[in-house]
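Engineer: Next one to model:
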Amino acid sequence: MTTRTYHPRQGRVSARHRTALADLWPRYGVDATAPLSARALFGRELPIVLEIGSGMGEATLAMAAADPERGYLAVEIHRPGLGNLVALTHELGLDNLRVYDGDALRLLEHQLAPASLDAVHVFFPDPWPKARHHKRRLIEPTRLGLIASRLRPGGILHCATDAEGYAQAMLAAVTASTAFVNAYPAFAPRPAHRPETKFERRGIDAGRAIFDLIVTRTADEGVDGAR
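Structural biologist: Numbers count the residues shown, from 1 in each chain. Just a heads-up that it's a prediction; the model follows:
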């Protein structure tokens, strides 16, 4: 059985979100079984940014709107978030944003080709703070090979978290990996293009530091894409 890296969450799906999922999913939603490419997703060739865990979608929408020359593929499993993102994508008329309902690791392993991504964003993932749950963390050594294999050489992995223990574990994992190089001594300054998320605001309000980790995929041909 695959180890789950997220908490399945129940939430009230509003009438607006139900309508968006029913009416707009065929346009903005992604088939959860077929191989995916820029042309299949957007109808044209675009560099692809994979956003893992888009939440209610506000940050994803802001980045996609500000970056029309790249296509954004947002992954989420929380239905209110999926409905909100699809509804707002339509309202804003964005043609470079698509939404995937499901497990990001399955998407990476089975539907995205090697070196097909320009960037992977992982903003405020579940930190799984208990030691016995650390194996469930998305960014950890056994999963970095898969993520790296789907990034093009020179592609970017950008993570952000307010969980210091998880941040240090991420840093240790990418530092030990030959698949990534870090242009910073450790963590990066918060880049202006990353919008503040509600999880980030909660962390700041609680007095927690925010850690951005931005690393570049090397040209190493020995990266193993298997989990």
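Engineer: For the rest of this, base every contact and every neighbour count on C-alpha atoms.
Structural biologist: Will do.
Engineer: State the distance from R27 to T89.
Structural biologist: The gap separating R27 from T89 is 10 Å, by C-alpha to C-alpha, to the nearest Å.
Engineer: Please apply the same query to A64.
Structural biologist: Distance, A64 to T89, using C-alpha to C-alpha: 9 Å.
Engineer: Which other helices and strands does the longest strand seen in the chain contact?
Structural biologist: Ranked by residue count under DSSP state E, the longest strand found in the chain is strand 151-161. Applying 3 or more C-alpha pairs under 8 Å, 6 or more residues apart in numbering; DSSP states H and E, one finds that strand 151-161 contacts strand 117-123, strand 211-217.
Engineer: and the direction of the first one versus that of strand 211-217, what angle?
Structural biologist: If you take axes from the mean of the first three to the mean of the last three C-alpha atoms, to 10 degrees, strand 117-123 sits at 160 degrees to strand 211-217.
Engineer: would you put the C-alpha positions of strand 117-123 in CSV?
Structural biologist: The C-alpha trace of strand 117-123 is given here as CSV (Å, rounded to 0.1, in the frame of the first residue of the first chain):
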residue,chain,number,x,y,z
LEU,A,117,8.2,20.1,-15.6
ASP,A,118,9.7,23.6,-15.4
ALA,A,119,9.1,23.9,-11.6
VAL,A,120,7.5,22.1,-8.7
HIS,A,121,6.0,24.2,-5.9
VAL,A,122,5.2,22.7,-2.5
PHE,A,123,3.9,25.5,-0.2
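Engineer: if I pick the residue nearest the centre of the chain, what's in contact with it?
Structural biologist: The centroid of the chain falls nearest to I52 when counting by C-alpha atoms, centre = their mean (2.0 Å). I52 is in contact with A74, V75, E76, A104, V120, H121, V122, F123, counting by C-alpha atoms under 8 Å, 6 or more residues apart in numbering.
Engineer: Output the residues you listed as TSV; include the columns pLDDT and neighbour count.
Structural biologist: Shown next, in TSV, are those (pLDDT from 0 to 100; neighbours: other C-alpha atoms under 10 Å):
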residue	pLDDT	neighbour count
A74	97	26
V75	97	23
E76	94	23
A104	94	20
V120	98	22
H121	98	20
V122	97	18
F123	96	24
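Engineer: Throw these into a markdown table and include distance to V215, thanks.
Structural biologist: Formatted as a markdown table, the contacts of I52 follow (distance: C-alpha to C-alpha, whole Å):
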| residue | distance to V215 |
| --- | --- |
| A74 | 20 |
| V75 | 21 |
| E76 | 23 |
| A104 | 19 |
| V120 | 10 |
| H121 | 11 |
| V122 | 12 |
| F123 | 14 |
